[in-house]
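Chemist: this one's sequence-less:
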């Protein structure tokens, strides 16, 4: 390729760059302002719950403390930690969200490319024939000839009113939306898995206690049947006890069904088929209650909850789209440049005499489009107003979510304390009954009845403890899950 061709191309590029430097554009449309939180924002109307601070198993709430990274490790279960790690690496829903983030990142790079000129290289050989009655374009006068053209075309859209900048700004915000949604999905996955593991452990405890209760019910029924045969007890009483036995057996079957379904859900969260054997905690005693719970400040909550951040990013994207719509109604400026070589003889293609070049500029101003651009701008403005309302709704929902969880933990603490007292009372009654039966003061039938009450109280304690563990996980989720401490991004 000749020096003349390169010289022409460089000259055109210099002219183009000079034009770009002389044209400094503005950016139309609203500049995004991050929403501010009302000073009246709070979690509870009164004082923050203390979680039954007088109880031995109380939890302490630390206002302003950061949400721990890997907060599930506070349950002190290696089995749970392993399950969470497996879910984070293999859950298909999370992988889908990660791919959506990757797609958004690539689209951002596409939008960024609009800031740069486009350049195309072309080579076009052809053989042509002109009509005999028309003079040939060649000096030879021949009507049949070859034509070889090689060149470069450069184009640039002058972003005078910020159309490309607003579009890029909008796409950056869309990427942030996907990043926040990915993090929200991650937090939801972990919380759902922790809750499912807690319920699985609780169901295993309930099944053991229900089996023990069923054995007591059956023993009582057998004793009643013997008394019926001896004529010392009405048959109706034994029939009533038979109903109780069947009800307990039904409760056992129901718990077994729930356990199987819970384990199937856990496998799905791990990205496994339901026939995969997994290692799970077998009792609530395998899980520790987190003793120290954080409570983020309201101003911090809106900066760390990914659903709020996603709503904010969507608001940003909607704001930028208003600018795109406004800029679309204004003149669009283009600069194009072409340079190359043209010859009828391939060997002479790059001779300096065969060089051509062209530099052109253009302006396009929409004049009549049936009102499409005007209504597109109004639609963008309405979308911006919608995003404002959605952001406010996201903030209100987040604060309500935290408040609900705080109240739930407070009631859970009270329920555990009350249920523990019931268990202690029932155990004392059972111990007393066992001593009395040895002394002959009461019958074995009475001891069985007291032990049934005790077993029922244990079932109640299992449930309230499971609720407290699950609500503890829910608080970490409500506060944003601590994901800002981790670098879970896609590049």
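Modeler: Perfect, I can see it now. No experiment lies behind these values; they were computed from the predicted model shown.
Chemist: CA only for contacts and neighbour counts going forward, please
Modeler: OK.
Chemist: test my guess that residue 143 contacts residue 132.
Modeler: Yes - using Cα atoms under 8 Å, residue 143 is in contact with residue 132, at 6.5 Å.
Chemist: who's more crowded, the two?
Modeler: Neighbours were counted for residue 143 and for residue 132 using other Cα atoms under 10 Å; residue 143 has more, 16 against 11.
Chemist: ok, the more buried one to residue 127 distance?
Modeler: 11 Å (Cα to Cα, to the nearest Å).
Chemist: same question for residue 66.
Modeler: Distance from residue 66 to residue 127, counting by Cα to Cα: 75 Å.
Chemist: those two: who's more crowded?
Modeler: For the pair residue 66 and residue 127, the greater number of neighbours falls to residue 66 (17 against 10), based on other Cα under 10 Å.
Chemist: show the contacting residues for the more buried one.
Modeler: Applying Cα atoms under 8 Å, 6 or more residues apart in numbering to residue 66 gives the contacts 294-296, 482.
Chemist: mind running it again at 7 Å?
Modeler: By Cα atoms under 7 Å, 6 or more residues apart in numbering, the contact set of residue 66 is 294, 296.
Chemist: return the per-residue confidence for it.
Modeler: Residue 66 is assigned 92 on the pLDDT scale.
Chemist: which SS class is it?
Modeler: coil (DSSP: H, G, I helix; E, B strand; the rest coil).
Chemist: got phi/psi on it?
Modeler: phi -80, psi 150 (degrees, to the nearest 10).
Chemist: now it: how far from residue 40?
Modeler: Separation of residue 66 from residue 40 (Cα to Cα): 22 Å.
Chemist: show me where pLDDT drops low in the stretch 101-250 of the chain?
Modeler: Applying pLDDT under 70 to the stretch 101-250 of the chain flags residues 133-141.
Chemist: show me the helices in it, by range?
Modeler: Assigned by DSSP state H, counting those that start in this stretch, the stretch 101-250 of the chain shows helices spanning 163-230, 235-269.
Chemist: can you redo the ones you listed as a markdown table with mean neighbour count and distance to residue 34?
Modeler: Formatted as a markdown table, the helices of the stretch 101-250 of the chain follow (neighbours: other Cα atoms under 10 Å; distance: least, Cα to Cα, whole Å):
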| stretch | mean neighbour count | distance to residue 34 |
| --- | --- | --- |
| helix 163-230 | 22 | 12 |
| helix 235-269 | 17 | 35 |
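Chemist: can I get the ones you listed in JSON lines including distance to residue 341?
Modeler: Listed next are the helices of the stretch 101-250 of the chain as JSON lines, based on distance: least, Cα to Cα, whole Å:
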{"stretch": "helix 163-230", "distance to residue 341": "33"}
{"stretch": "helix 235-269", "distance to residue 341": "63"}
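Chemist: and of the ones you listed, who's closest to residue 350?
Modeler: helix 163-230 (37.3 Å; Cα to Cα).
Chemist: counting by contacts, list what that closest one packs against.
Modeler: For helix 163-230, the packing partners by 3 or more Cα pairs under 7 Å, 6 or more residues apart in numbering; DSSP states H and E come out as helix 92-112, helix 235-269, helix 306-328, helix 444-478.
Chemist: which among the ones you listed is found nearest to residue 224?
Modeler: helix 235-269 (5.6 Å).
Chemist: circling back to that earlier point, of all the helices of the stretch 101-250 of the chain, which one is nearest residue 447?
Modeler: helix 163-230 (9.6 Å).
Chemist: tilt between the closest one and helix 444-478?
Modeler: 180 degrees (axes from the mean of the first three to the mean of the last three Cα atoms, to 10 degrees).
Chemist: quick one: contacts for residue 225?
Modeler: Residues counted as contacts of residue 225 (Cα under 7 Å, 6+ apart) are residue 238.
Chemist: any chance of the helices and strands packed on helix 163-230 in a markdown table, plus distance to residue 413?
Modeler: Below are the helices and strands packed on helix 163-230 laid out as a markdown table (distance: least, Cα to Cα, whole Å):
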| stretch | distance to residue 413 |
| --- | --- |
| helix 92-112 | 33 |
| helix 235-269 | 24 |
| helix 306-328 | 29 |
| helix 444-478 | 7 |
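Chemist: closest one to residue 44 among those helices?
Modeler: In terms of Cα to Cα, the element of the helices and strands packed on helix 163-230 nearest to residue 44 is helix 444-478, at 14.5 Å.
Chemist: so which bits of that closest one are buried?
Modeler: Residues of helix 444-478 classed as buried by neighbour count (16 or more other Cα atoms under 10 Å): 444, 446-448, 450-478.
Chemist: which element, helix or strand, includes residue 337?
Modeler: Residue 337 is part of strand 332-343 when elements are defined by DSSP states H and E.
Chemist: what comes up buried for that strand?
Modeler: Buried-residue list, strand 332-343, by 16+ other Cα under 10 Å: 332-333, 335-343.
Chemist: by contact count, what packs against that strand?
Modeler: Using 3+ Cα pairs under 7 Å, 6+ apart, strand 332-343 is in contact with helix 3-22, strand 144-158, strand 355-364.
Chemist: give the next helix or strand downstream of the longest one.
Modeler: Following helix 3-22 in sequence order, the next helix or strand is strand 60-63 (DSSP H and E).
Chemist: for the record, mean pLDDT for that next one?
Modeler: Mean predicted confidence for strand 60-63 is 91.
Chemist: ok, then the element right after it?
Modeler: Using DSSP H and E, the first helix or strand after strand 60-63 is helix 78-90.
Chemist: now that next one: buried residues?
Modeler: By 16+ other Cα under 10 Å, the buried positions in helix 78-90 come out as 80-81, 83-84, 87-88, 90.
Chemist: of those residues, closest to residue 414?
Modeler: Nearest to residue 414 among these, with distances taken as Cα to Cα, is residue 80, at 26.5 Å.
Chemist: so which of the helices of the stretch 101-250 of the chain comes closest to residue 376?
Modeler: helix 163-230 (14.1 Å).
Chemist: what's the angle between the closest one and helix 235-269?
Modeler: Going by the same axes, to 10 degrees, helix 163-230 makes 160 degrees with helix 235-269.
Chemist: which residues touch residue 213?
Modeler: Applying Cα under 7 Å, 6+ apart to residue 213 gives the contacts 452, 455.
Chemist: try it again at 10 Å.
Modeler: Residues near residue 213 by Cα atoms under 10 Å, 6 or more residues apart in numbering: 207, 219, 245, 248-249, 252, 448, 451-456, 459.
Chemist: dump the residues you listed to CSV, plus distance to residue 195.
Modeler: Output for those, formatted as CSV (distance: Cα to Cα, whole Å):
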residue, distance to residue 195
207, 18
219, 36
245, 31
248, 26
249, 26
252, 21
448, 35
451, 31
452, 29
453, 28
454, 27
455, 25
456, 23
459, 18
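Chemist: out of the residues you listed, which comes closest to residue 61?
Modeler: residue 459 (28.0 Å).
Chemist: gap between that closest one and residue 207?
Modeler: 9 Å.
Chemist: can you check residue 423 too?
Modeler: 18 Å.
Chemist: could I get the buried residues of helix 78-90 as a markdown table with pLDDT and distance to residue 382?
Modeler: Supplementary listing: the buried residues of helix 78-90 in a markdown table, determined by pLDDT from 0 to 100; distance: Cα to Cα, whole Å:
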| residue | pLDDT | distance to residue 382 |
| --- | --- | --- |
| 80 | 98 | 46 |
| 81 | 97 | 46 |
| 83 | 98 | 45 |
| 84 | 97 | 42 |
| 87 | 97 | 40 |
| 88 | 96 | 38 |
| 90 | 97 | 40 |
